[in-house]
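Enquirer: Structural data only, the sequence is not supplied:
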């Protein structure tokens, strides 16, 4: 039986259950648009500060810009104060989106120092109040992205998951590592299964999906409703389309179709053009370099060219280096 399906998240019905993760510093409009082109059923903005939104910071509000080309898309918020989160959620109502996501998984120190990100997992009552405040203020369904807990000694994922559901959330996304472990060790998929068994709302699994086979294994082992691909999609949107094919074909196996060299370069150039168009040349070139480096991974005999990407200063220079690799 096919593992590919639509997911009902409140009043949102996704086209499929292969989602593109919210990635700070990565998941801008260009990244999301490319993800949708390759079939992602749902995309997410980079995490946006609730305080920044409440203060109507231009830079923060810029993160909320979503176009028809990257929808359906969710806005991801981080914060620690229920009142500020409520205000931010109400301001997000002014922007075209499909979902509001609460970040309960970021383990970056500067975020956790403010009491936000994964830190909200340490106080289930406050966590409940944050989710409830957002649910009450938002015109969009609310999802929550969490980890197992702050540390091995304080794993409270089932309590937190129940609190999210009780507060009115419409989907739970679980990255089954603790905040302390960050991205080290193996993601503990068994917890995704436990959470799925305990909740009525959809559960999306995230963590260690590096190939389409990984996505199939996660769904088979955990019973989760959707899978979320993160870092593996940087410079490799083909993992999205290949995962969709793998889930659709299950229990049959399908061949993973790897992009040709020219397909990689063409996608890199398209990404480059979009970033510069959205952000201007100076900022765009600075931010797109990490993507270009990843697009070129796997092409033989160009390690020197990949490293030189970080020396590029203009769009024309970047295009010339990419075009020289064609053919």
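Expert: On my side now, so go ahead. Here the structure is a predicted model, which is why all the values come from computation and not from measurement.
Enquirer: neighbours of residue 262, just the number please.
Expert: By the measure other Cβ atoms under 10 Å, the count of residues near residue 262 is 12. To be clear about C-beta, it is placed using only N, CA and C from the backbone, and glycine gets the same treatment.
Enquirer: the domain parsing of this structure - what is it?
Expert: Each domain of the chain is listed here as a residue range: 8-249, 261-323, per automatic domain parsing.
Enquirer: As CSV, those domains with distance to residue 2 and mean pLDDT would be great.
Expert: As requested, these are exported to CSV (distance: least, Cβ to Cβ, whole Å; pLDDT from 0 to 100):
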stretch, distance to residue 2, mean pLDDT
domain 8-249, 5, 97
domain 261-323, 27, 93
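Enquirer: now, of the ones you listed, which is deepest in the fold?
Expert: domain 8-249 (a mean of 21; mean count of other Cβ atoms under 10 Å).
Enquirer: Endpoints of it, how far apart?
Expert: 21 Å (Cα to Cα, to the nearest Å).
Enquirer: what about the domains of the chain, which gets the closest to residue 1?
Expert: Nearest to residue 1, of all those, is domain 8-249, at 10.7 Å by Cβ to Cβ.
Enquirer: For residue 255, which of the domains of the chain is the nearest?
Expert: domain 8-249 (8.9 Å).
Enquirer: Export the domains of the chain as a markdown table, with columns for distance to residue 255.
Expert: Below are the domains of the chain laid out as a markdown table (distance: least, Cβ to Cβ, whole Å):
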| stretch | distance to residue 255 |
| --- | --- |
| domain 8-249 | 9 |
| domain 261-323 | 16 |
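Enquirer: In the chain, what residue spans correspond to helices?
Expert: Assigned by DSSP state H, the helices in the chain fall at 29-37, 50-54, 58-62, 82-92, 109-112, 124-137, 157-166, 190-198, 212-222, 238-249, 261-279, 281-295, 303-308, 315-323.
Enquirer: Make TSV out of those and add distance to residue 184.
Expert: TSV is the format used below for the helices of the chain (distance: least, Cβ to Cβ, whole Å):
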stretch	distance to residue 184
helix 29-37	25
helix 50-54	28
helix 58-62	30
helix 82-92	29
helix 109-112	15
helix 124-137	24
helix 157-166	18
helix 190-198	16
helix 212-222	18
helix 238-249	22
helix 261-279	29
helix 281-295	21
helix 303-308	26
helix 315-323	34
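Enquirer: for the ones you listed, which one sits closest to residue 204?
Expert: helix 190-198 (8.7 Å).
Enquirer: centre of the chain versus the closest one, how much separation?
Expert: 20 Å (Cα atoms, centre = their mean, to the nearest Å).
Enquirer: For it, name the packing helices and strands.
Expert: Helix 190-198 sits against helix 157-166, strand 171-174, strand 203-206, helix 212-222, with contacts defined as 3 or more Cβ pairs under 8 Å, 6 or more residues apart in numbering; DSSP states H and E.
Enquirer: and if we set it to 6 Å?
Expert: With contacts defined as 3 or more Cβ pairs under 6 Å, 6 or more residues apart in numbering; DSSP states H and E, the packing partners of helix 190-198 are helix 157-166, strand 203-206, helix 212-222.
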